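> have a look; sequence and predicted model below, questions after that.
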Amino acid sequence: METVTLDALPWYQITFPGLGISLEVNGEAFRLGTLSIKWYGIIIAVGLMLALIYCFKHMKEFGLDGDKVSDAVFAGFIGGIVGARLYYVLFNIEQYKSIKDVFNTRNGGLAVFGGIIGALLVGGITAKIRKIRLLPLLDIASMGFLIGQGIGRWGNFFNHECFGTNTTLPWGMSSGCIQNFLAVNGQHIYETTGVTVDPFLPVHPCFFYESAWCLLGFLLLHIFHKKRKYDGELFMMYLCWYGLERALVEGLRTDSLMIGPVRVSQLLAFVIFAVSLVFLITMRIKISKGKAPVLYVDTEESAKLLKDAEARIKEDEQKRRQKKEDRYKKKNPELSADQKIIADDESNNNDTEGNENGSTD
């Protein structure tokens, strides 16, 4: 395929010359006074919200009470952000001159592996304290991870980061920001990886490779999750799937976290892939010999947990109904209790119909 040589590009212009696409991509979404709101943060937040919506919607299928799990999820989210930042900072410590710089994540600087480690550690400890079964929680969380990672990687696109070495493939990309990075760091990249990069040639869009791989992985796990044989199987599949992709794609990147000549995340990904693959094969062999464990969702403990959760929901509904009755007793003392409740229900129905017809407050 013919090599495409590019002239110096404007800083925010991202181009895919093989596809004939050129976009103006500024990392800033908008401003609130002097505060700059970045696309990076917005996209990560969207990925997180979609992951949470999916996970809580399917929580019962894993025998878990969503209300009880929420504490572990929130703790895991905080642990994930802290872990992602610490992982990145530790392997780029020379870049940070002050504590303020360490806490400034608005321009990127979050490492996925650090986020996974932090979320598992803090979320797992919280689950233990709250007496939540960890393995089914990890199963549902693994699908949430894939959603969050698949969408969140597009934050790297808006930051002009997470790209690879030169390529002649049709989807090779470049921008003024990328050209500048390669021009400034080209010698360092060669010294640490042995790879020569040309700032004026397109590069691999590694962020896209990982995004597509994670979203495909989510789809596959979603299809498979009702056929899982044991708690923890989906989580091990997630580790195997993501570990394989990261081990391959990390070798293309020019901005890897390094220890000497070793790409830290690539080495970790190889280990995770190998260990999880061996575990999956070993468990399948045991299951083929009739040693399949019982899923938590099929246990009496889980059934009681979900029954209690359903009872709690009904109790909360009764309390709301009682509040309606009390409210109408104050507003309409001449009506009977039944009339008050009926009137309240009619009022709520009218409100709902108004909202459906596009009425706003």
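In hand now; what should we look at? Since the structure is predicted, the reported quantities are computational estimates derived from the model, not experimental observations.
> how's the protein carved up into domains?
Under the assignment named as automatic domain parsing, the residue ranges that make up the domains of the chain are 13-64+133-288, 300-356.
> export those domains to JSON lines and tack on mean pLDDT and mean neighbour count?
Quick note: C-beta positions are derived from backbone N, CA and C, even for glycine. Written out in JSON lines, the entries for those read as follows (pLDDT from 0 to 100; neighbours: other Cβ atoms under 10 Å):
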{"stretch": "domain 13-64+133-288", "mean pLDDT": "93", "mean neighbour count": "18"}
{"stretch": "domain 300-356", "mean pLDDT": "71", "mean neighbour count": "12"}
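> dump these into JSON lines; add distance to residue 119 as well.
Supplementary listing: these in JSON lines, determined by distance: least, Cβ to Cβ, whole Å:
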{"stretch": "domain 13-64+133-288", "distance to residue 119": "8"}
{"stretch": "domain 300-356", "distance to residue 119": "23"}
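> tell me how far the closest residue to residue 255 other than its chain neighbours lies from residue 207.
Spatial nearest neighbour of residue 255, excluding adjacent residues (Cβ to Cβ, 6 or more residues apart in numbering): residue 161 at 6.5 Å. Remark: distance between residue 161 and residue 207 (Cβ to Cβ, to the nearest Å) = 7 Å.
> cool, residue 227 as well?
31 Å.
> just to revisit the earlier point, do you know which of the domains of the chain lies nearest residue 86?
Each of the domains of the chain has some distance to residue 86 by Cβ to Cβ; the shortest is domain 13-64+133-288, at 12.0 Å.
> so where do the strands sit in this protein?
Using DSSP state E, the strands of the chain run over 13-16, 21-24, 28-32, 35-38, 174-175, 258-259, 262-263.
> could you say what helices and strands the third one packs with?
In this structure, strand 28-32 makes packing contacts with strand 35-38, helix 39-57, judged by 3 or more Cβ pairs under 8 Å, 6 or more residues apart in numbering; DSSP states H and E.
> using CSV, lay out those together with distance to residue 67.
Below are the helices and strands packed on strand 28-32 laid out as CSV (distance: least, Cβ to Cβ, whole Å):
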stretch, distance to residue 67
strand 35-38, 32
helix 39-57, 9
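> got the contact list for the residue nearest to residue 199 when sequence neighbours are not counted?
Excluding the flanking residues, the one nearest residue 199 by Cβ to Cβ, 6+ apart is residue 182, at 4.0 Å. Residue 182 makes contact with 189, 197-199, 203, 254 under the criterion Cβ atoms under 8 Å, 6 or more residues apart in numbering.
> please flag which of those residues sit within helices.
Assigned to helices by DSSP state H, the following of the contacts of residue 182 qualify: residue 189.
> can you give me the helices in this structure?
Taking DSSP H as the criterion, the chain carries its helices at 39-57, 66-90, 99-103, 112-129, 134-152, 154-158, 176-193, 206-224, 233-249, 264-288, 300-331, 337-356.
> wait, which of these is closest to residue 7?
Across the helices of the chain, residue 7 has its closest neighbour in helix 176-193 (9.5 Å, Cβ to Cβ).
> put the alpha carbons of that closest one into CSV.
Once non-C-alpha atoms are left out, helix 176-193 reads as follows in CSV (Å, rounded to 0.1, in the frame of the first residue of the first chain):
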residue,chain,number,x,y,z
GLY,A,176,-0.8,18.4,14.7
CYS,A,177,-0.7,17.3,18.4
ILE,A,178,0.4,13.7,17.4
GLN,A,179,3.0,15.1,15.0
ASN,A,180,4.4,17.3,17.7
PHE,A,181,4.5,14.4,20.3
LEU,A,182,6.4,12.2,17.8
ALA,A,183,8.8,14.9,16.8
VAL,A,184,9.7,15.7,20.4
ASN,A,185,9.8,12.1,21.7
GLY,A,186,11.0,10.3,18.6
GLN,A,187,14.5,9.7,19.9
HIS,A,188,13.2,8.5,23.3
ILE,A,189,10.8,6.1,21.6
TYR,A,190,13.7,4.7,19.6
GLU,A,191,15.9,4.3,22.6
THR,A,192,13.3,2.5,24.7
THR,A,193,11.5,0.4,22.1
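> how much space separates residue 156 from residue 52?
Using Cβ to Cβ, one gets 21 Å for the distance from residue 156 to residue 52.
> cool, and residue 29?
For residue 29, the distance to residue 52 equals 21 Å [Cβ to Cβ].
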